[in-house]
Structure formats: structure tokens, C-alpha cells
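> for reference, the sequence and a predicted model appear below.
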Amino acid sequence: MMGAQIRPIRNDGDHEAALARIAELMELIPLSDAPGALEDELEVLSLLVERYEDAHDPIARPDPLEAIRFRMEQQGLTQRDLAPFLGSRGKVSEVLSGKRPLTLRMIRALHENLGIPAEVLIHEPGAALPRGGEDIEWDKFPLLDMAKAGWIEQSADLKDRAEEIMRSLIDRAGGFGAAPALYRKSTAGRRNAKMKPYALQAWCLQVLAEAREVTVKAVAKPREVTPSFLRDVAKLSAFAEGPRLAQEHLRRHGIVLVTVQHLPNTYLDGAALCTREGVPVVGMTLRYDRTDNFWFCLLHELAHIGLHMDGEDRVTFVDDLSLRRKDHDDDDVKEREADDMAQEALIPTEIWQAHPLPEHPLASDVEKIAREAGVDESIVAGRIRFEKQNYRLLSQFIGQGEVRKHFEGMAA
């Protein structure tokens, strides 16, 4: 019989007590006249301690740098031989000295070319290299411009960490499946031929990421975005705080309006998107910071939501409204439909046709039409300038510099 009741070791307290008893038994056994029971107790306790330690203190994982050095020694490689995998001889030296962390690009290269297990390089049991986006050239994203815009943290190694940075943004935006159109060149809308796909993708991802941080009580269904809904939004322009009121009104109805500054080479005014959760989103750049441009762009993107996004295929519409033409000859039919719906909501046809414009419209013409339509005067001035294709007219009415101030982080 053993001299004490032995219980399972379930926690660190039990473990410490078992170790203390083992030490005590090792002192008692040589002095005992009948050591058999004590020896049995010692043997059982030792087995229990060993099992507990195996479960709670596993063998330490190989250090990534040790694994790299081992493979170098095994294959007779020098630091110069690692330069193609780590980027340069200087980076090899910094990595091996612990001054520079391994990036996903480095880990992937070492794994594929030297056969070092990914979980060893990532230093997590069972870890694997992230999947998805195999066709993406990560360093083509405009990381420096994104850092200048405050979307990501500025650092000297942005290009080296391109994949980590962009995967983080993609996760915030809802994952690779959130907006599949972002990764196709056929994104709908008025796209400028000079628009760079990776800059556009980065902007859209930032819009979706910010939109998903906004709480909406209910999700708007595209069929609810009707001409009368747009008309109600247009009438908010008559208030001094119109842009902000429109944002709040849309959020209450389950649509998120996000303003994100444009990136170089996007040539973008606005976009209509949808989050992974199905929330309709209007993204705007406010690149011109004009009241007339804001209201037409907002209504145009809302029209896309109402007319063209009621289906399983979540098309992303991106628009450079400087490409809009009066004759519509070069326009996609969906762009034409969105233009017409927006224009009707801003100034109904019966009101517009009731006021034939003279060759040289006066301020009184603008004021009268705006009053009857119940909208801001800038909307009327913008319509007149567009109809006459004369953008020198009525410049005092267009509200230059009057939009960004309504949105946090967008003030010039």
C-alpha cells in the first residue's frame, strides 16, 4: 500500500504539491525499513508529473533563425545565396541578426525554395501561409499614397510588408469574397482609361472597411431606393448642413455614405458598393469639393443602388463624372439610367421645362428654379452649366469649398 492518497494532477498547484512530495519521498525512502510502498508512490507520482509536463510544457518550437541557419549549413549556403529570397544581402544580414522580422514574402520564398516548414518560419504550431489572392501583385498597391492618406502606418519597409498590409485591409473590408468585382477589370461605371486598377482597388477596400465600422439598425433593400426616396434626399440640400443630414438620413435607412479621399491615378468621384453583410454603400472622394458635384454624385450612386444592385451579383459601380456627356453617346445604358434618375430627383422635369433658360441665365433664374424644386441653388447652377456646356457660368453658385467641412477628416 502506498503511504498517501494519490490524486490526478489537474493544475499548477497540484503539480507543485506533487513535486514537493517527490522530494520528500526521495529523502524518506533511504531511511525507511519498508520502502516498497514509498517507492510505489514515487513511481506513480513521477509518471503523473511527467504526463502533466508533457501536456503543459511541450518541447519548444524551433526558432525561425535557427532553422534558417541549420538549412544554410545543411546545404552549404552563404548569406549571399539567401539574397534572392530575402531581397538583398543587407536584408539577409538584418534578418539573421534579428534586426528585421521575416515578412510573408520572405517566408513564402524560404518555404518554397529551401523547404523550411511554414509553421517553423511563422513560429506557430500548425500555422500555414495565408491562402487566396495568388494572382495579386501585392507591391503594386499604392502603399506610400495610402500611408500619406493615413489609412496605414508610415514605415520604411512598406513594400516589404505589402502583402501583410493589404491582407489586413482586405480582412477589414470583409475578405476576398466581399467585393469580387474589385479584382476584375470589368468593374462597371464610368471608368477613366488612365485609372490604375490597384489604386482603385485600394480605395474601394478602404471604403468598405470604413463602411463596415458603421452600425445600421436595418439593411436597406435596393428596391426601397425609389425615385421618391431620392427626391427626399435631394431636398435635404436646401439645408445648410445638407451633406451631413443626408449621411444621417441614409444611415437611418440602412445605407452607409463614406467619404474617403481619392488616391492618385483613381480619377474617381464616387462609387456604389455593397458590404459582405449586404449593406449598400456610397463612397465619395469629394475631390472637387463642390456642392453641385456632391449632390449629383450622391444621387447618381444611389440610383445605381436602386436600379442595378438588386441581385446576387454585387456589381461595384465606380464613376469619374468628368466623363459624363450631355448627348450620352458614349455612355453605358446603366450610367444613362442613373444620370436620368438622379437628375429627375434633383430637379423634376416639369419644373425644369417650365423655365426656359435665356442664352445668358441670371441669378434670379437660379433662385426661382431652386425655390420651386426645393433644392440648393448650386444644383440648379450645376444643371445649367452642364446643359449649356459652359463651366464659366454662375460660378458664384456652385458651392466651391463647401462640402468637405461637413465630414470628419476631409477638411482641406
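Perfect, I can see it now.
> just the strands in the protein please.
256-259, 270-274, 280-284, 317-319 (DSSP state E).
> list of residues touching the third one?
It stands for strand 280-284. Contacts with strand 280-284, where a contact means C-beta atoms under 8 Å, 6 or more residues apart in numbering, come from 203-204, 207-208, 211, 219-220, 222, 225, 250, 254-260, 269-275, 294, 297-298, 301-302, 305, 309. Quick note: C-beta positions are derived from backbone N, CA and C, even for glycine.
> which helix of this protein spans the most residues?
Using DSSP state H, we find that the single longest helix of the chain is helix 36-56.
> what's that helix packed up against?
If contacts are counted by 3 or more C-beta pairs under 8 Å, 6 or more residues apart in numbering; DSSP states H and E, helix 36-56 sits against helix 12-28.
> can you give me the neighbour number for the closest residue to Ile369 other than its chain neighbours?
Excluding the flanking residues, the one nearest Ile369 by C-beta to C-beta, 6 or more residues apart in numbering is Val380, at 4.7 Å. Around Val380 there are 28 other residues, counting by other C-beta atoms under 10 Å.
> can you pull the contacts of Val380?
Ile347, Asp365, Val366, Ile369, Ala370, Ala373, Phe397.
> now it: how far from Met284?
21 Å (C-beta to C-beta, to the nearest Å).
> equivalent analysis for Ser364, please.
Distance check for Ser364 against Met284: by C-beta to C-beta, it reads 31 Å.
> again, but for Ile398
Applying C-beta to C-beta, the value for Ile398 to Met284 is 17 Å.
> tell me which of these two has more neighbours.
Using other C-beta under 10 Å as the criterion, Ile398 and Met284 rank with Met284 on top: 27 against 21.
> quick one: low-confidence parts of the stretch 151-300 of the chain?
179-187 (pLDDT under 70).
> swap in the stretch 1-150 of the chain?
Using pLDDT under 70, the flagged stretches of the stretch 1-150 of the chain are 1-4, 57-61, 125-126.
> just the helices in it please.
Under the criterion DSSP state H, counting those that start in this stretch, helices of the stretch 1-150 of the chain are mapped to 12-28, 36-56, 64-75, 79-86, 89-96, 104-114, 118-122, 143-148.
> could you check how far the first one is from the centre of its chain?
In other words, helix 12-28. Averaging C-alpha positions (C-alpha atoms, centre = their mean, to the nearest Å) puts helix 12-28 55 Å from its chain's average.
> can you check the fourth one too?
Per C-alpha atoms, centre = their mean, the displacement of helix 79-86 from the mean C-alpha position of its chain is 33 Å.
> residues in contact with Arg80?
By C-beta under 8 Å, 6+ apart, the contact set of Arg80 is Arg89, Val92.
> same question, Ala178
Residues in contact with Ala178, defined by C-beta under 8 Å, 6+ apart, are Ile170, Leu208, Thr275, Arg276.
> again, only using 10 Å
170-172, 204-205, 208-209, 212, 273-277, 314 (C-beta atoms under 10 Å, 6 or more residues apart in numbering).
> list only buried entries from the residues you listed.
Among the contacts of Ala178, those classed as buried by 16 or more other C-beta atoms under 10 Å are Ile170, Arg172, Cys204, Leu205, Leu208, Ala209, Arg212, Leu273, Cys274, Thr275, Arg314.
> would you confirm that the fifth one contacts Thr316?
Yes - in this structure, Leu208 is within contact of Thr316 by C-beta atoms under 10 Å, at 9.4 Å.
> stretch 17-36: end-to-end distance?
Chord length of stretch 17-36, first to last residue, is 21 Å (C-alpha to C-alpha, to the nearest Å).
> ok, and for stretch 359-367, which residues are buried?
For stretch 359-367, the neighbour count (16+ other C-beta under 10 Å) marks Pro361, Asp365, Val366 as buried.
> please save the CA atoms from that stretch in PDB.
Extracted in PDB, the C-alpha atoms of stretch 359-367 (Å, rounded to 0.1, in the frame of the first residue of the first chain):
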ATOM      1  CA  GLU A 359     -28.900  82.500 -73.500                       C
ATOM      2  CA  HIS A 360     -27.300  84.200 -70.500                       C
ATOM      3  CA  PRO A 361     -29.100  82.900 -67.300                       C
ATOM      4  CA  LEU A 362     -29.300  85.300 -64.500                       C
ATOM      5  CA  ALA A 363     -29.000  84.800 -60.700                       C
ATOM      6  CA  SER A 364     -32.800  85.300 -60.500                       C
ATOM      7  CA  ASP A 365     -33.300  82.300 -62.800                       C
ATOM      8  CA  VAL A 366     -31.300  80.100 -60.500                       C
ATOM      9  CA  GLU A 367     -33.000  81.300 -57.400                       C
END
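> what's the average pLDDT for it?
Averaged over stretch 359-367, pLDDT sits at 90.
> who touches that stretch?
The contact list for stretch 359-367, computed with C-beta under 10 Å, 6+ apart, reads 355-358, 368-369, 377-385, 387-388, 390, 393-394, 396-397.
> list buried residues within these.
Among those, those classed as buried by 16+ other C-beta under 10 Å are 368-369, 377-385, 388, 393-394, 397.
> out of those, which sit inside helices?
Within the buried ones among the contacts of stretch 359-367, residues falling in helices by DSSP H are Lys368, Ile369, Glu377, Ser378, Ile379, Val380, Ala381, Gly382, Arg383, Ile384, Arg385, Lys388.
> with respect to per-residue confidence, which of the residues you listed is lowest?
Pick the lowest pLDDT in those and you get Lys388, at 90.
> hang on, that one packs against Leu357?
Yes - using C-beta under 10 Å, Lys388 makes contact with Leu357 at a distance of 7.7 Å.
> now the strands of the chain in TSV, with distance to Ile29?
Output for the strands of the chain, formatted as TSV (distance: least, C-beta to C-beta, whole Å):
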stretch	distance to Ile29
strand 256-259	74
strand 270-274	74
strand 280-284	75
strand 317-319	81
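> pLDDT score for Phe397?
If you check Phe397, the pLDDT there is 92.
> enumerate every residue touching the closest residue to it other than its chain neighbours.
Counting by C-beta to C-beta, 6+ apart, Ala381 is the residue found nearest to Phe397 once chain neighbours are left out, at 3.6 Å. Contact partners of Ala381, counting by C-beta under 10 Å, 6+ apart, are 290-292, 361, 363, 365-366, 369-370, 393-399.
> what's the answer for Ala218, then?
Contacts of Ala218 (C-beta under 10 Å, 6+ apart): Arg252, His253, Gly254, Val279.
> coming back round to it: of all the helices of the stretch 1-150 of the chain, which one is nearest Met410?
With C-beta to C-beta, the closest approach to Met410 among the helices of the stretch 1-150 of the chain belongs to helix 143-148: 14.8 Å.
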